[in-house]
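>>> 3D model of this:
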Amino acid sequence: MFQLDAKQLEAIGFSYVLNNLILHSPYGAEKMKQLAPIRTREGVFVCLENIEKMLYLLAQRPLEMDVIMLQLMQLKNIRGCVEKCKVYTLTQVELFEIKQFLLAYEKLHLALGKLGEALTDIHFTPMGEALQILDADGLRLASFALDSPELRKIREEKSRAEAQQNTAARTAAVEQEVAEEGRILAVLSMALRVFVPDFLANMDAVGKLDFTLAKALSARETGAVKPQIFREGILVLENMYNPYVEEKIAHSGNLMTRVSVVFNRGTTVITGANMGGKSVALKTAVLNILLCQLGFYVFAEKMECPIFDDVYLLSEDMQDIGRGLSSFGAEMKKFAEISARLPNEKLFIAFDEFARGTNPTEGAAIVKAAAGFLAKTDSVSVITTHYDGVCSPVFSHYQVAGLSTPRGNSLCMDYRLLSVAHDAPPPQDALKICKMLGLEDVLMSLFGET
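Below is the predicted model of the structure:
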C-alpha cells in the first residue's frame, strides 16, 4: 500500500480502519482486498462523491437502504461457477447457486431503481433474460430442478420398473436419465454462457456499491469528513485524529488531543521530547493521506490534500535482517531510494525520529543535512526529531507544546503542535516526563532533579 508495509499499516491505524468496515457481500470484500491508491485527482473525486451520495441516502432514505443492505447479504459468491461456465458444463448445484444469485440480484436491482440516485461509475445491467433460463415458468421460486418432457417420461419408466422390481429396466432407465440430465445441463450452461460478461460486470458493480456503502457507514460512525483535493503541494489538516489511537487511550479514561498542521512543499521539522506525541501526529497525518488517496473520508475537521505519486514512512525499527542491515543502514538505503525518485515525482515522505540509530552528534548533522536536501524538492517531507539545532529558516518548524502548568498535583501533557521559529529553544521536558511517570525521588535525584 504505497511504500508502507503491513507492520506500518498496523501502526498508523489503517488495518484498524479496514477491520471495522461493515461489508455485506463477498464482492465488497473482494473490492477491499483489491484496494490500491488512486493516483489521479478525478479518480479520488469519483469515490468521494459516491460516499457523499451514499451518506445522503442513508440519512434521507433509511428504509430503502435497509432493503439494499439486506439484498446485498443475500448475494453469495458464485464467481467460480461463472468462470467455469465459460468453458465447462455446470452441475445442478452450480445452476441452483446461480439462480439464487439472480433472484437476489433482481431484488437488489429493483431496490436501487427505486432510489433514483445513481452512483458515478457504478453501473448495473438487468439480468432478467439470464434468470428466465433457470426460471422458465417465471414463478421466482428458490428451488431448482432439471426438467424436460423426455426426462419426465424416463422418470416415469424408472418408477414403473422400480414398482415391478424389474432391475434391468430400471438400470436402462437410470442410464437414460443420466444422459438426459447431462444434455439439459449442457444446454442450460451454453445458454448462460453468453451472459458471463454481464455476470462479471455486475459482480464488480455490486462490489463497488458495497464497498462505497461500507466507507459511508464508517464515515458516519467516526465523524470523518470529505477531503478537498488540490493540485498544489500543500497539505492542510485541521484537528486531525486517529480512531485507532482514540480507542486505545479511551481504555485508560483519556481523550486524544486533536492536532492541526500545515505541511508545505519542502521540509517541515517537528521537534519535542520523546513521549511528546510527535510520532502519533506524524502517523495520523500519514493515515489520512493514505485514506484520501484510497477514496475514503478522512479523520479531521478539514483536510486539503494534493495527489501524491507515493508515500513513504520511515519509522521505528527499519532493520533489514535479510540484508544484514542495521536500523540506521536500512534508513540510509531507503533514503537513497527516495532521493532517486524526487526529481520526477511528488512524494509525501515521513521520517519518524530519523537517524536515531547513530550517535546524537552525527544524528543531528544527518537530520539537518537531509532536511536541507529535501527542502529544495517539490515533494512534502516531514521529519520528527528530538535532536537540537537541526532547524533552519528554510524549513517549517513545529514544536510539541509539551508539559503545561501542573493541574493539582499532576503534570498535564499538551500534545498540540505549535508553529514556531526555526531558532525556538527546544522544550526541556524529559525530566518532567520522568516525574510524571512516577519515578521515585531517589532516582530523580540521580538525574539532578529533586
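
>>> am I right that V262 is in a strand?
Yes. Assessed by DSSP: H, G, I helix; E, B strand; the rest coil, V262 belongs to a strand.

>>> make sure it is actually in contact with V236.
Yes. Between V262 and V236 there is a contact under C-beta atoms under 8 Å: 5.2 Å. In short, each C-beta sits where N, CA and C put it, glycine included.

>>> the two: which is more packed in?
Shown here are V262 and V236; by other C-beta atoms under 10 Å, V236 has more neighbours (18 against 15).

>>> which helix or strand contains that one?
Using DSSP states H and E, the element containing V236 is strand 235-240.

>>> any idea how far V269 is from A371?
6 Å (C-beta to C-beta, to the nearest Å).

>>> hey, what's in contact with both of these two?
Residues touching both A371 and V269 (C-beta atoms under 8 Å, 6 or more residues apart in numbering): I383, V390, C391, F395.

>>> in JSON lines, list the residues you listed along with neighbour count and distance to A224.
Shown next, in JSON lines, are the shared contacts of A371 and V269 (neighbours: other C-beta atoms under 10 Å; distance: C-beta to C-beta, whole Å):
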{"residue": "I383", "neighbour count": "28", "distance to A224": "27"}
{"residue": "V390", "neighbour count": "26", "distance to A224": "34"}
{"residue": "C391", "neighbour count": "25", "distance to A224": "33"}
{"residue": "F395", "neighbour count": "21", "distance to A224": "30"}
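
>>> in strands, which of those fall?
For the shared contacts of A371 and V269, membership in strands holds for I383, with DSSP state E as the criterion.

>>> tell me the angle of the helix or strand harbouring T267 relative to strand 235-240?
Per DSSP H and E: T267 is located in strand 266-271. Here strand 266-271 points in a direction 30 degrees away from that of strand 235-240 (axes from the mean of the first three to the mean of the last three C-alpha atoms, to 10 degrees).

>>> name the helices or strands packed onto strand 266-271?
helix 278-293, helix 360-374, strand 380-385, strand 396-407 (3 or more C-beta pairs under 8 Å, 6 or more residues apart in numbering; DSSP states H and E).

>>> what residue in this protein is the furthest from its centre?
Q164 (65.7 Å; C-alpha atoms, centre = their mean).

>>> need phi/psi at that residue.
Main-chain dihedrals, Q164, degrees, to the nearest 10: phi -90, psi 0.

>>> could I get the pLDDT score of it?
Per-residue pLDDT puts Q164 at 92.

>>> for the strand holding V236, which residues meet the burial criterion?
The neighbour-count criterion (16 or more other C-beta atoms under 10 Å) identifies L235, V236, L237, M240 as the buried residues of strand 235-240.

>>> may I see the residues you listed organised as CSV, with pLDDT and distance to E30 added?
Formatted as CSV, these follow (pLDDT from 0 to 100; distance: C-beta to C-beta, whole Å):
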residue, pLDDT, distance to E30
L235, 95, 31
V236, 96, 34
L237, 96, 31
M240, 96, 30
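
>>> ok, so of those, who is nearest D137?
M240 (58.6 Å; C-beta to C-beta).

>>> next, give phi and psi for the nearest residue to that closest one once chain neighbours are set aside.
Nearest residue to M240, sequence neighbours excluded (C-beta to C-beta, 6 or more residues apart in numbering): A300, at 4.0 Å. The phi/psi pair for A300 (degrees, to the nearest 10) reads phi -170, psi 160.

>>> tell me the contacts of A300?
Each residue near A300 by C-beta under 8 Å, 6+ apart is listed here: V225, P227, L237, E238, N239, M240, Y241, N288.

>>> skipping adjacent residues, who's closest to M303 in space?
M303 sits nearest to P227 (C-beta to C-beta, 6+ apart), 4.0 Å away.

>>> for that neighbour, give me its contacts.
L48, N288, C292, Y297, V298, A300, M303, E304, C305.

>>> from A224, how far out is the fifth one?
To tie it back to what came earlier, the one meant is V298. From V298 to A224 the distance is 6 Å (C-beta to C-beta).

>>> looking at the protein, which helix or strand is least sure?
helix 441-446 (a mean of 52; mean pLDDT, DSSP states H and E).
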